[in-house]
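Asks: the sequence isn't on hand, but the structure is:
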């Protein structure tokens, strides 16, 4: 029998206190009492991971091994080591049992008796309640210390300050680092000079050889803006200046979105909580003047300039360095899309400049609009892309064959189970052997049931796909009639809705299309649908079911020859 031992502790402090080793020793001792072979026992552990989350490396490996049928029994000290939330406990136990794994708890043995199941539910609910109460008490305790000015909200100080290593959260132990504080004062002074910008200040700092807070030679405008907006340099530490917010767009259109891309927004000044006083680096007057200039420069930023018409504004990326391209008009009057990598190091955040060529804006706009118009007039290409995104069309006979194969496998297992029961009743098979073999058969039967569910789900998905095709066809017919007479504003609106990104690599133009799958999603850009492009690593999830804001992805690669017009449809 193949046995898995699982142990978990929530914090690094518990891990250092060897509590997880105590759990593992208890589990091993239980295995020795049961007579299990050491070679057949494998340990899965999560050091410093909360039981409130299912995202744990040790648990992930355990679930994968169970799914492949490589584990027969899982032993854990207590249910709250498996998960703190009762709902998570139920999901995990049910998942393991479907794969033929028996879950056993040392502190609270669980059987098939209804009383055991009830006690498991009660204990799971209390464990979840206890976790919530601990979290609430810790939150209130921290807030009280913040309000009394005895605790700092950060362990890493702002640039220009140092903390006491023995008391890093004590506001009274904060001191100024003179060499860095002079740089902060220089940043404020340089920025407040006439016609100086964040890029200009960054350029001056790099010319003077001053290292950035990260220790790198390159200063970024974002680093400077963070320094200029931090009121701690006036001698006052505030709590609650920002709050977390799911990002409204992607960090990069050419890479998947992850949890770290979540952003933060500033809260109103009246919501800030003043918690401590530290040595000041700049005066209140200097700080307020910097805030006024930051607000004015933001309103006149180049990204807000719409004096020239660029059909693909903020939608073009360089295929060489994967950076975004900006619209630019040269003195001769020609308009181009220029990769950010052509700029200075502090503008592109790259040490080397991109070798790509300037992209003629007028030609690229014409190419993309012509290809978009052709795609709208080619409904077969869209329908074929949707079909391929779902794995291809199934023939009816293929569907019937898979169903029949699953039925035959189910009947075979039923026959094996009947023969096994007859052997046990006849006294040929002992009780322990009967239980073990019956559990294996039931595990395989559960796997067949799961395959049958997936098969029916795929059948339902094909029906949903047919509905998507109908919805997209209706949308296509509505917009096809106005393509010839569309104004620039109408073209721009249609491009924003139907194109996710245009990637240009020398003479190659790759256009990534998106088509709305319902009336409610016809006014939402695909890059705003975070739940969709989060899962871009899996092809079949590119075409969600019908619903508000759903979108279907389609990529077209025009030929590299000539001006790059044309090309067939290829699904993402």
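Replies: That came through, no problem. It should be emphasised that the depicted structure is a prediction, and the values quoted were computed from it without experimental measurement.

Asks: let me see the domain layout of this protein.
Replies: 3-138, 161-304, 316-358, 364-386+481-571, 389-465 (automatic domain parsing).

Asks: what mean pLDDT does the second one get?
Replies: For domain 161-304, the mean pLDDT works out to 83.

Asks: okay, residue 503 and residue 364: tell me how far apart.
Replies: According to Cβ to Cβ, to the nearest Å, residue 503 stands 11 Å off from residue 364. C-beta coordinates here come from the backbone N, C-alpha and C atoms, glycine included.

Asks: nearest to residue 146, out of the domains of the chain?
Replies: When the domains of the chain are ranked by distance to residue 146, counting by Cβ to Cβ, first place goes to domain 161-304 at 4.6 Å.

Asks: thinking again about what came up before, closest one to residue 149 among the domains of the chain?
Replies: So among the domains of the chain, domain 161-304 is nearest, using Cβ to Cβ, at 4.8 Å.

Asks: which SS class is residue 104?
Replies: strand (DSSP: H, G, I helix; E, B strand; the rest coil).

Asks: before we move on, back to that, make a markdown table out of the domains of the chain and add mean neighbour count and distance to residue 149.
Replies: Shown next, in a markdown table, are the domains of the chain (neighbours: other Cβ atoms under 10 Å; distance: least, Cβ to Cβ, whole Å):
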| stretch | mean neighbour count | distance to residue 149 |
| --- | --- | --- |
| domain 3-138 | 16 | 19 |
| domain 161-304 | 15 | 5 |
| domain 316-358 | 17 | 37 |
| domain 364-386+481-571 | 17 | 38 |
| domain 389-465 | 13 | 57 |
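
Asks: show me the common contact partners of residue 503 and residue 364, please.
Replies: Taking Cβ atoms under 8 Å, 6 or more residues apart in numbering as the contact rule, residue 503 and residue 364 both touch 316, 509.

Asks: could you find the closest non-adjacent residue to residue 228?
Replies: Distance criterion Cβ to Cβ, 6 or more residues apart in numbering; nearest residue to residue 228, sequence neighbours excluded, is residue 290 at 4.9 Å.

Asks: now residue 164: phi and psi?
Replies: The phi and psi torsions at residue 164 (degrees, to the nearest 10) take the values phi -80, psi 120.

Asks: make sure it is actually in contact with residue 170.
Replies: Yes. Shown here, residue 164 and residue 170 form a contact pair, counting by Cβ atoms under 8 Å, at 6.3 Å.

Asks: still on that earlier bit, a markdown table for the domains of the chain, including distance to residue 152?
Replies: Converted to a markdown table, those look like this (distance: least, Cβ to Cβ, whole Å):
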| stretch | distance to residue 152 |
| --- | --- |
| domain 3-138 | 16 |
| domain 161-304 | 5 |
| domain 316-358 | 30 |
| domain 364-386+481-571 | 33 |
| domain 389-465 | 51 |
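
Asks: looking at those, which has the lowest confidence?
Replies: domain 364-386+481-571 (a mean of 63).

Asks: state the distance from residue 99 to residue 70.
Replies: 9 Å.

Asks: next SSE downstream of the helix or strand encompassing residue 205?
Replies: Per DSSP states H and E: residue 205 is located in helix 198-207. Where DSSP H and E defines the elements, the next helix or strand beyond helix 198-207 is helix 221-228.

Asks: give me the contacts around that next one.
Replies: Counting by Cβ under 8 Å, 6+ apart, residues outside helix 221-228 touching it are 158-159, 184, 187-188, 191, 198-199, 201-202, 212-214, 233, 290-291, 294, 346-347.

Asks: repeat that for 7 Å
Replies: The contact list for helix 221-228, computed with Cβ atoms under 7 Å, 6 or more residues apart in numbering, reads 159, 184, 187-188, 191, 198-199, 201-202, 212-213, 290, 294, 346.

Asks: still on that earlier bit, which of the domains of the chain sits closest to residue 153?
Replies: Here domain 161-304 is closest among the domains of the chain (Cβ to Cβ), at 5.1 Å.

Asks: so how far is the closest one off the chain centroid?
Replies: 26 Å (Cα atoms, centre = their mean, to the nearest Å).

Asks: how near is residue 176 to residue 274?
Replies: Relative to residue 274, residue 176 is positioned 20 Å away (Cβ to Cβ).

Asks: so how far is residue 9 from the residue lying closest to residue 11 once chain neighbours are set aside?
Replies: Nearest non-adjacent residue to residue 11, counting by Cβ to Cβ, 6+ apart: residue 48, 5.9 Å away. Distance, residue 48 to residue 9, by Cβ to Cβ: 7 Å.

Asks: over to residue 369?
Replies: Residue 369 is 59 Å from residue 9, by Cβ to Cβ.

Asks: one more: residue 234?
Replies: 42 Å.

Asks: ok, now residue 72?
Replies: From residue 72 across to residue 9, the span is 26 Å (Cβ to Cβ).

Asks: how about residue 40?
Replies: 25 Å.

Asks: before we move on, what about residue 61?
Replies: Residue 61 sits 17 Å away from residue 9, taking Cβ to Cβ as the criterion.

Asks: please apply the same query to residue 41.
Replies: Separation of residue 41 from residue 9 (Cβ to Cβ): 20 Å.

Asks: do residue 336 as well
Replies: Relative to residue 9, and taking Cβ to Cβ, residue 336 is found at 57 Å.

Asks: and if you look at residue 371?
Replies: In terms of Cβ to Cβ, residue 371 sits 56 Å off from residue 9.

Asks: element containing residue 325, please.
Replies: strand 325-329.

Asks: who's in contact with the helix or strand just after that strand?
Replies: Next helix or strand after strand 325-329 toward the C-terminus (DSSP H and E): strand 335-339. With Cβ under 7 Å, 6+ apart as the test, strand 335-339 has contacts from 308, 310, 316, 318, 321, 323, 325-330, 354, 356, 358-362, 364.
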